[in-house]
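# Any chance you could fold what I've pasted below:
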Amino acid sequence: MRILLVAMAAVSLHAQGLFEGNSDVGKVLHPGSVEYDAGAQTYTISGSGENMWASADAFHFVWKKVTGDVAIEAEIAFATATGNAHKKAVLMIRQSLETDSAYVDAAVHADGLTSLQSRGEKGGRTHEIGLNKASPRRVRLEKRGDYFYMFLAKEGEPLRLAGGSMRLPMQGTFYVGLGVCSHDKDVVEKAVFSKVSLGTPKTGQEPQLHSTLETVTVSSTDRRVVLVVPGKIEAPNWSPDGATLIFNGDGRLKRIPAAGGTVETIETGFATRINNDHGISPDGKLLAISDSTKDRKSVIYILPIEGGEPRRVTKNMPSYWHGWSPDGKTLTYCGERGGKFDIYTIPVEGGEETRLTQGEGHNDGPEYSPDGQYIYFNSSRSGTMQVWRMKPDGTALEQITSGEANNWFPHISPDGKNMVYLSYGKDVTGHPANKDVALYVMTLADKQVKVLAKLFGGQGTINVPSWSPDSRRLAFVSYQLLPE
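Alright, predicted model coming up:
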């Protein structure tokens, strides 16, 4: 995938080039500095500081005050290969010069890790979307509205979208610039920023959709990019052995190593219109798919995990798979019958379906708890879409979430302790694509909730079970709409 970038708007140069000032941010033992070479158009920045992380930063910053959308781009090289492996050279957009300010940056580390990092509010925690061993030569950071994007290029290559975006509102006037942190309070490190451009992002062309397959660590909320592709992919499943992610795109199922790598298409016989309702059996031997190739309506089929000819399970349609009982004998799914969306179960071998809900609102996204005691699902029966649960026979109905937001697709961690779900704003009906959404995780023991990620997504982000088998991480898809 190639993103073509507009030439930067002209900005007059003066004593500090494109920038107005430079200063240390936070507590540093050794003052930083900048050397601007007007002829070579380079900025050599020296910076100390213990870190740029958690709720406070310490680094040297060369900056300009701006408003609105902005883009900054540069080639980055550390002056030496020595020092802390996590020393950082950054392109940054920052609300203020206070140590705990809200910010977003594109951070290149000495060991090759390159991350889109952010602190969403003053005094908040730092989060990141990381790419291990990226080691870029050129980096670009864009602010478009409340979304921030990072682009990377190795030597001699064009800039490419690096993956997921951060959503963070900047208020009024803010700062954009270059920074260096030694990641060692006793040391000063240098980085050289060359071919620096500062201007506004490209506008006016029809935006193109890109998809980023990501994982997020629940404890830290840090994200990692697995795959970035043009067009639409959806709904990752995490294999029970932790090795593989399975997702759908262009009507087919595909697999990729969970750490990233080569994408393979899974053989599914006649089934070439597979939607985002698919999943893996508890023993890891079978796949359930929802496909509309033969009947133009979604039907649930079973096939071997390695691929093969699908076997039909549901007679009635449309039927959309969502969950597998822990013993592997029963499927649960959403079915539309007579204009009503309800929750059903059926034996894996096929037969008659059992209806569990009775048309009280729209009922969708059913999934068994790991102990088999409950089926969790989302329902609009209370007025807004919320998460509910019931016994596998449809009794003992209980509401789990509440409020004005519309909550979809509950997924229970394999250890049974946490539930993740997708949340839309109060004015969004259904589960459409390309919306501002959030992933929340709830601790089931005390119903405490925290944000895992705020992103551009919705339909396709997390329709199906996608927990890692150790219950520590989650896979999902975010989307980016950018000019080609």
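# quick one, strands of the stretch 251-400 of the chain?
Along the stretch 251-400 of the chain, counting by DSSP state E, counting those that start in this stretch, strands occupy 252-257, 264-265, 279-280, 286-291, 299-304, 311-312, 319-324, 330-337, 340-347, 354-355, 363-368, 375-379, 386-390, 398-399.
# Show me what the fourth one is packed up against.
It refers to strand 286-291. Secondary-structure packing of strand 286-291 (3 or more C-beta pairs under 8 Å, 6 or more residues apart in numbering; DSSP states H and E): strand 279-280, strand 299-304, strand 319-324. Yep, even glycine has a C-beta here, placed from its N, CA and C like the rest.
# cutoff 10 Å now
strand 244-249, strand 252-257, strand 279-280, strand 299-304, strand 319-324, strand 330-337 (3 or more C-beta pairs under 10 Å, 6 or more residues apart in numbering; DSSP states H and E).
# tell me the angle of it relative to strand 252-257?
Strand 286-291 runs at 140 degrees relative to strand 252-257, counting by axes from the mean of the first three to the mean of the last three C-alpha atoms, to 10 degrees.
# distance of Thr82 from Gly112?
15 Å (C-beta to C-beta, to the nearest Å).
# do Gly204 as well
Distance of Gly204 to Gly112, computed by C-beta to C-beta: 35 Å.
# Using TSV, lay out the strands of the stretch 251-400 of the chain together with distance to Val477.
TSV is the format used below for these (distance: least, C-beta to C-beta, whole Å):
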stretch	distance to Val477
strand 252-257	12
strand 264-265	17
strand 279-280	15
strand 286-291	17
strand 299-304	22
strand 311-312	28
strand 319-324	17
strand 330-337	20
strand 340-347	23
strand 354-355	31
strand 363-368	16
strand 375-379	19
strand 386-390	20
strand 398-399	28
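# Including mean neighbour count and distance to Leu444, could those strands go into JSON lines?
Below are the strands of the stretch 251-400 of the chain laid out as JSON lines (neighbours: other C-beta atoms under 10 Å; distance: least, C-beta to C-beta, whole Å):
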{"stretch": "strand 252-257", "mean neighbour count": "19", "distance to Leu444": "30"}
{"stretch": "strand 264-265", "mean neighbour count": "13", "distance to Leu444": "35"}
{"stretch": "strand 279-280", "mean neighbour count": "22", "distance to Leu444": "21"}
{"stretch": "strand 286-291", "mean neighbour count": "24", "distance to Leu444": "25"}
{"stretch": "strand 299-304", "mean neighbour count": "22", "distance to Leu444": "28"}
{"stretch": "strand 311-312", "mean neighbour count": "14", "distance to Leu444": "35"}
{"stretch": "strand 319-324", "mean neighbour count": "26", "distance to Leu444": "17"}
{"stretch": "strand 330-337", "mean neighbour count": "22", "distance to Leu444": "19"}
{"stretch": "strand 340-347", "mean neighbour count": "20", "distance to Leu444": "20"}
{"stretch": "strand 354-355", "mean neighbour count": "14", "distance to Leu444": "26"}
{"stretch": "strand 363-368", "mean neighbour count": "26", "distance to Leu444": "13"}
{"stretch": "strand 375-379", "mean neighbour count": "25", "distance to Leu444": "10"}
{"stretch": "strand 386-390", "mean neighbour count": "22", "distance to Leu444": "10"}
{"stretch": "strand 398-399", "mean neighbour count": "12", "distance to Leu444": "12"}
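# Next, format the ones you listed as TSV and append distance to Thr215 and mean pLDDT.
Output for the strands of the stretch 251-400 of the chain, formatted as TSV (distance: least, C-beta to C-beta, whole Å; pLDDT from 0 to 100):
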stretch	distance to Thr215	mean pLDDT
strand 252-257	11	98
strand 264-265	19	98
strand 279-280	16	98
strand 286-291	21	98
strand 299-304	26	98
strand 311-312	31	98
strand 319-324	21	98
strand 330-337	25	98
strand 340-347	29	98
strand 354-355	35	98
strand 363-368	19	98
strand 375-379	22	98
strand 386-390	22	98
strand 398-399	30	98
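# Tell me who's in contact with Leu141.
Taking C-beta atoms under 10 Å, 6 or more residues apart in numbering, we find Leu141 in contact with 70-74, 90-93, 104-107, 116, 148-151, 162, 176.
# quick revisit: so which of the helices and strands packed on strand 286-291 comes closest to Ala134?
Across the helices and strands packed on strand 286-291, Ala134 has its closest neighbour in strand 252-257 (17.3 Å, C-beta to C-beta).
# The closest one - contacts with which helices or strands?
Packed next to strand 252-257, using 3+ C-beta pairs under 10 Å, 6+ apart, are strand 223-230, strand 234-238, strand 244-249, strand 264-265, strand 286-291.
# Which one, of the ones you listed, ends up nearest to Ile305?
Among the helices and strands packed on strand 252-257, strand 286-291 comes nearest to Ile305, with 5.5 Å by C-beta to C-beta.
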